[in-house]
Structure formats: C-alpha cells, structure tokens
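Peer 1: Provided below are the primary sequence and the corresponding predicted coordinates.
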Amino acid sequence: MNQTETSNRLSFATDLSETEVEVSVVVPLLNEEGTLAALTEGVFEALLGKTCEILFVDDGSRDGSWSEIRKLSQRFPNSVRGFRHRRNFGKAEALATGFAHAKGQLIVTMDADLQDDPLEIPALLAKLDEGYDLVSGWKRDRHDPISKTIPSRFFNYAARVASGLSLHDFNCGLKAYRREVVESLHLYGELHRFTPILSHGEGYRVTEIPVTHHPREQGKSKYGWTRFFKGSLDLLTVILLTRYLQRPGHFFGAIGFISGAFGLGILSYLSAAKIFFGVDIGTRPLFFLGILATLFSAQLITTGFTSEFLLRVNSSERPGHRISESTKPPSNSPRN
Ligand code: UDP
Ligand code: MG
C-alpha cells in the first residue's frame with residue numbers, strides 16, 4: 001500500500017468516525033407545533049460538542065407539527081429527521097419508531113412540550129458514563145395538576161412494590177439508554193411507562209436522577225386521569241413479562257393447581273356424601289363452585305402450556321441475547 005492509499009484510508013476512517021452519531025434524541029409528539037423549534041435549539045445547546053441527531057416522531061398530529069418538523073429538517077439536514085405516523089398510535093409506538101431509526105450509541109427520549117428540560121440531558125449521559133444502562137428522570141418537583149400527581153404517586157408506589165425496582169418516577173419522558181437496551185425493548189400499547197422495569201427484568205443496570213420539570217406552556221396534555229387505570233392493568237402484564245417471562249407455565253400452573261386442588265377437594269367431598277350418605281348434591285351451590293374451580297384450573301394450566309410453547313418458539317429466534325460480555329478465545333492458539 002503506498003502513501004496516498006494509506007492517507008486516503010485514514011481520511012475515510014476519520015470521515016466515518018465524524019459521521020458516527022453519538023447521541024440520538026427521540027421526541028414523540030402529538031399536536032405540539034408551538035415548541036419544536038425551541039426544543040431543537042435547546043437540544044443542540046445541551047449537546048454542544050457531541051455528534052447528535054434529533055428524531056421527531058409525529059404521532060398523527062392535526063396541527064402544524066409536521067410542517068414545523070419539515071422546516072427544521074431542512075434547516076438542519078444532518079441532524080434533524082422527521083417521521084410521521086399515518087394516524088395516532090400512542091406514545092409507545094412513537095418511541096418504537098424513533099428507536100428503530102436512531103443511529104446513536106446512546107439514545108435519549110424526551111417529551112416535545114418542553115416540560116422536560118433539554119439542559120438536563122448531559123446529567124443523564126454522565127450517569128450512563130458511570131456504567132448504568134438506563135437512566136430515568138425523576139420529576140421531584142413536578143409541575144402538573146393534582147388530578148395527575150396523586151394517581152401518579154399511587155401508580156409509582158405499585159410499580160415499585162410489584163417490580164422490586166426502587167425508582168420514584170417511572171413515567172418521566174426524559175430518559176437515556178444505551179443502544180443495546182433500546183434494541184431489547186419491544187414497545188406497544190402503553191408500555192413506554194415501563195421501560196425501566198422491562199430493562200431491569202432483562203438484567204440491565206437502571207437508575208434515576210432528579211430533573212427539573214416545567215409546567216406545560218403550550219398545547220394540552222394528551223392524558224387524563226383514566227390512564228392510571230390502564231396503567232395499572234399494564235403493570236400486571238409487565239410484571240408477568242418480567243418476573244415470569246422465563247417460566248409462564250409456573251405462574252399459570254401454580255394458580256391452576258391451587259384452584260384444581262380446591263375444586264377436586266369439593267367434588268370429592270360431595271361424591272363421598274352422595275355415595276356413603278345418599279345426600280342429593282345436584283342443586284347444591286358447592287357443587288357448582290367445585291365444577292367452576294376445576295374448569296378454571298384446567299384453563300389456567302392450558303394457558304400456562306400455551307405460553308411455554310410460544311416462549312420456546314420466540315426465544316429460539318434470538319439465542320444468546322441475554323449475554324452482556326464474553327471472553328474472546330485467543331486466535332490460532334493451540335488447546336492446552
Ligand atoms: N404523545 C404522543 N402520542 C400520544 C400522546 C402523547 O406522541 O398519543 C406525546 C406528547 O405530544 C408529548 C409526550 O408524548 O410529547 C407526553 O405527552 P403529554 O405531555 O401530554 O403527557 P403529560 O406530560 O401530560 O404526562
Ligand atoms: Mg407533558
């Protein structure tokens with residue numbers, strides 16, 4: 001290889017590293033035209049000196065959000081990209097779209113309404129630098145109406161107890177992830193609130209830091225108090241997904257066996273009463289309870305088996321996906 005070739009290669013390599021994105025900021029949004037320009041400037045200011053990109057995901061807005069995103073991506077063609085959903089699919093799907101297109105090794109998510117402060121991003125990244133895989137914001141002084149903050153306290157308490165992960169605030173829009181964490185997530189429905197629990201379940205190191213939270217100054221909140229009911233149901237699903245993901249048959253099977261033992265116990269007692277004492281059992285409420293409990297048990301056990309089969313099929317698609325590091329065998333070394 002001559003001198004010119006070497007320097008060409010080197011400059012190519014330098015170019016490559018220059019275009020490598022260090023941080024991707026994913027912003028899901030629905031009708032937030034008023035804040036996008038200021039948000040973009042805030043993110044650039046916060047990430048000065050780093051190669052970064054902003055991915056706006058318009059989740060079916062009906063205001064001028066999309067034309068605002070187009071303007072910003074024309075103004076900053078190398079660092080702002082926009083994606084538009086055909087209709088509103090929800091914040092989790094918007095995040096999933098952003099994650100699928102993010103190029104950075106580190107990925108930050110934030111809400112578009114400027115309630116999250118872009119200037120907090122460096123603090124989140126510094127915490128990742130300490131070795132954490134996911135850093136979640138904690139809105140310690142939260143600026144939202146009481147109709148939100150009270151249910152949210154209950155929700156966070158339930159999430160803490162059920163998951164065993166001691167965060168104060170599971171639902172802060174501002175979070176930072178290592179790329180591999182994002183790749184392990186499969187977000188849909190309302191699962192965006194549970195990324196710390198899902199990632200903790202996968203064995204990633206999760207922590208939180210307090211962040212400033214501003215009142216919403218433009219547009220309206222997209223969520224009312226009903227989300228906490230939906231959120232609580234989702235919490236159940238997530239606990240199942242994280243705690244029993246490896247052996248769903250054990251979870252369903254255990255309840256199934258208890259219910260089955262109860263049902264069969266009742267039916268045996270009634271059968272004995274009929275056989276030995278001639279008692280008429282056909283109309284006794286206990287009889288129906290016994291039958292119900294036995295059927296319920298059969299159904300749960302079958303559900304357990306079905307889940308195990310599904311798991312078997314899915315987990316064989318990604319063998320080794322739980323490994324974080326492995327030792328490298330020395331190349332060409334003889335076995336000893
Ligand atoms: N959002 C979204 N799709 C939705 C609902 C909300 O992309 O279906 C976005 C919204 O535009 C904002 C973020 O998710 O950027 C958080 O929503 P919001 O500020 O309404 O939630 P709150 O702060 O009231 O909890
Ligand atoms: Mg908000």
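Peer 2: That came in fine, so what should we check first? Ligands and ions are numbered 1, 2, ... in the order given.
Peer 1: quick one, strands of this structure?
Peer 2: In the chain, the strands defined using DSSP state E lie at 23-29, 52-58, 80-84, 106-109, 134-139, 175-178, 206-211.
Peer 1: want to throw the ones you listed into CSV with mean pLDDT and mean neighbour count?
Peer 2: For every residue, glycine as well, the C-beta is placed using N, CA and C. Listed next are the strands of the chain as CSV, based on pLDDT from 0 to 100; neighbours: other CB atoms under 10 Å:
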stretch, mean pLDDT, mean neighbour count
strand 23-29, 97, 27
strand 52-58, 97, 26
strand 80-84, 96, 19
strand 106-109, 98, 26
strand 134-139, 96, 25
strand 175-178, 97, 26
strand 206-211, 96, 20
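Peer 1: Surely residue 296 and residue 261 touch.
Peer 2: No. If you go by CB atoms under 8 Å, residue 296 and residue 261 don't touch, sitting 11.9 Å apart.
Peer 1: So between these two, which is more surrounded?
Peer 2: residue 296 (16 against 13; other CB atoms under 10 Å).
Peer 1: Identify the residue nearest the geometric centre of this structure.
Peer 2: The C-alpha lying nearest the average C-alpha coordinate of the chain belongs to residue 195 (CA atoms, centre = their mean; 2.7 Å).
Peer 1: Disregarding flanking residues, what is the spatial nearest neighbour of that residue?
Peer 2: Nearest-residue entry for residue 195: residue 185, 6.1 Å, with adjacent residues in sequence omitted and distances by CB to CB, 6 or more residues apart in numbering.
Peer 1: mind listing what residue 117 touches?
Peer 2: By CB atoms under 8 Å, 6 or more residues apart in numbering, the residues touching residue 117 are 42, 174, 211, 212, 213, 214.
Peer 1: Relative to residue 216, how far out is the closest residue to the last one other than its chain neighbours?
Peer 2: Pointing back at residue 214 there. Spatially, and ignoring its direct neighbours in sequence, residue 214 is nearest to residue 115 (5.3 Å; CB to CB, 6+ apart). Taking CB to CB, to the nearest Å as the measure, residue 115 falls 6 Å from residue 216.
Peer 1: more crowded one of these two?
Peer 2: Using other CB under 10 Å, the more surrounded residue of residue 115 and residue 216 is residue 115, with 22 against 16.
Peer 1: My guess is that one contacts residue 218. True?
Peer 2: No. Contact criterion CB under 8 Å: residue 115 and residue 218 do not qualify, at 10.1 Å.
Peer 1: need the helices for the stretch 151-300 of the chain, in chain order.
Peer 2: For the stretch 151-300 of the chain, the helices defined by DSSP state H, counting those that start in this stretch occupy 179-184, 195-201, 227-243, 248-277, 285-315.
Peer 1: what's the closest of the ones you listed to ligand 2?
Peer 2: Among the helices of the stretch 151-300 of the chain, the nearest to ligand 2 by CB to the ion is helix 227-243 (12.2 Å).
Peer 1: Show me what the closest one is packed against.
Peer 2: Packing contacts for helix 227-243, counted by 3 or more CB pairs under 8 Å, 6 or more residues apart in numbering; DSSP states H and E, involve helix 146-163, helix 195-201.
Peer 1: who's in contact with the residue nearest to residue 214?
Peer 2: Listed by CB under 8 Å, 6+ apart, the contact set of residue 115 reads 143, 173, 213, 214, 215, 216.
Peer 1: tally of neighbours for the fifth one?
Peer 2: Neighbours of residue 215 under the rule other CB under 10 Å: 11.
Peer 1: again, but for the fourth one
Peer 2: Around residue 214 there are 12 other residues, counting by other CB under 10 Å.
Peer 1: For the chain, what lies in contact range of ligand 1?
Peer 2: Along the chain, the residues adjacent to ligand 1 under the rule CB under 6 Å from any ligand atom are 28-30, 32, 59, 88, 90-91, 94, 111-113, 115, 173, 221-223.
Peer 1: what's the nearest residue to residue 139 if we skip its chain neighbours?
Peer 2: Nearest one to residue 139, counting by CB to CB, 6+ apart, is residue 213 at 4.0 Å.
Peer 1: and that neighbour, how many neighbours?
Peer 2: Neighbour tally, residue 213, other CB under 10 Å: 21.
Peer 1: One more: residue 322?
Peer 2: Residue 322 is flanked by 11 other residues according to other CB under 10 Å.
Peer 1: correct me, but it touches residue 204?
Peer 2: No. Under the criterion of CB under 8 Å, residue 322 makes no contact with residue 204, lying 10.5 Å away.
Peer 1: I'd like to know how many residues surround residue 146.
Peer 2: Residue 146 is flanked by 7 other residues according to other CB under 10 Å.
Peer 1: Show the model's pLDDT score for it.
Peer 2: Looking at residue 146, its pLDDT reads 83.
Peer 1: how close does it get to ligand 1?
Peer 2: As for residue 146, its distance to ligand 1 is 13 Å (criterion: CB to the nearest ligand atom, to the nearest Å).
Peer 1: I'd assumed residue 76 was in contact with residue 56.
Peer 2: No. Taking contacts as CB under 8 Å, residue 56 lies outside contact range of residue 76: 11.2 Å.
Peer 1: Just send the contacts of residue 115 back as JSON lines, with pLDDT too.
Peer 2: Converted to JSON lines, the contacts of residue 115 look like this (pLDDT from 0 to 100):
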{"residue": "143", "pLDDT": "84"}
{"residue": "173", "pLDDT": "94"}
{"residue": "213", "pLDDT": "91"}
{"residue": "214", "pLDDT": "92"}
{"residue": "215", "pLDDT": "89"}
{"residue": "216", "pLDDT": "88"}
